[in-house]
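Chemist: Need coordinates for the below:
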Amino acid sequence: MSATLTVRDETTFAFGGEERVFTLDFSAERVTVRDLIRVRVRGEVEEYNARRGELFRGLVQPTDTERVLNGFRVREGRRIDAEEQVERAIEAFGRNGFLLLVDDLQVDDLEETIEVGPGTTVTFLKLVPLVGG
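Modeler: Got it, this is the predicted structure:
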């Protein structure tokens, strides 16, 4: 049985931009945090590579890109490697580069299982360092 999960992207400091909300589909009603990150990152890389625009809006910054207000500027014509992005995202999770909240409760273990049910919401909260801090 498949399950759909609502995903929200938020930051600890918003620049007046809109929060990003989308859904992810899974073939099972239980998924590990590691698999959730993997599916999310692969999807955003596949979407970018299909259109190959200048701006990549993803969970973590790809190699050789420039951080800009609403994402990361990518060199023209460059494809992003999905597996490299997955590894970067898993590393970022391990060093608290972003927090993961499931129905407003923080999860901190990659092997923790999430029950995907009607109304389940996952928030990826990107941490933005304070200037001078």
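Chemist: remind me which residues of this structure are low pLDDT?
Modeler: Across the chain, the ranges flagged by pLDDT under 70 are 1, 12-18, 128-133.
Chemist: Tell me which stretches of it form helices.
Modeler: With helices called from DSSP state H, the chain shows them at 33-51, 82-94.
Chemist: got those as JSON lines, with distance to residue 61 and mean neighbour count columns?
Modeler: Backbone N, C-alpha and C define where each C-beta goes, glycine included. Listed next are the helices of the chain as JSON lines, based on distance: least, Cβ to Cβ, whole Å; neighbours: other Cβ atoms under 10 Å:
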{"stretch": "helix 33-51", "distance to residue 61": "12", "mean neighbour count": "17"}
{"stretch": "helix 82-94", "distance to residue 61": "8", "mean neighbour count": "17"}
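Chemist: Taking the centroid of this structure, which residue is nearest it?
Modeler: By Cα atoms, centre = their mean, the chain has its centre lying nearest to residue 59, at 3.6 Å.
Chemist: so what's it closest to, chain neighbours aside?
Modeler: Leaving aside its chain neighbours, residue 59 sits nearest to residue 89 (5.2 Å; criterion: Cβ to Cβ, 6 or more residues apart in numbering).
Chemist: For the one you found, give me its contacts.
Modeler: By Cβ atoms under 8 Å, 6 or more residues apart in numbering, the contact list for residue 89 reads 37, 40-41, 59-60.
Chemist: List the contacts of the residue nearest to the centre of the chain.
Modeler: By Cβ under 8 Å, 6+ apart, residue 59 lies in contact with 9, 37, 40-41, 44, 85, 89, 92, 98, 124, 126.
Chemist: let's go with 7 Å and repeat that
Modeler: 40-41, 44, 89, 98, 124 (Cβ atoms under 7 Å, 6 or more residues apart in numbering).
Chemist: Quick check: the two most widely separated of those residues?
Modeler: Farthest apart among the contacts of residue 59 by Cβ to Cβ are 44 and 98. That separation is 13.6 Å.
Chemist: closest to residue 110 out of the helices of the chain?
Modeler: Minimum separation from residue 110 across those (Cβ to Cβ) falls at helix 33-51, 4.2 Å.
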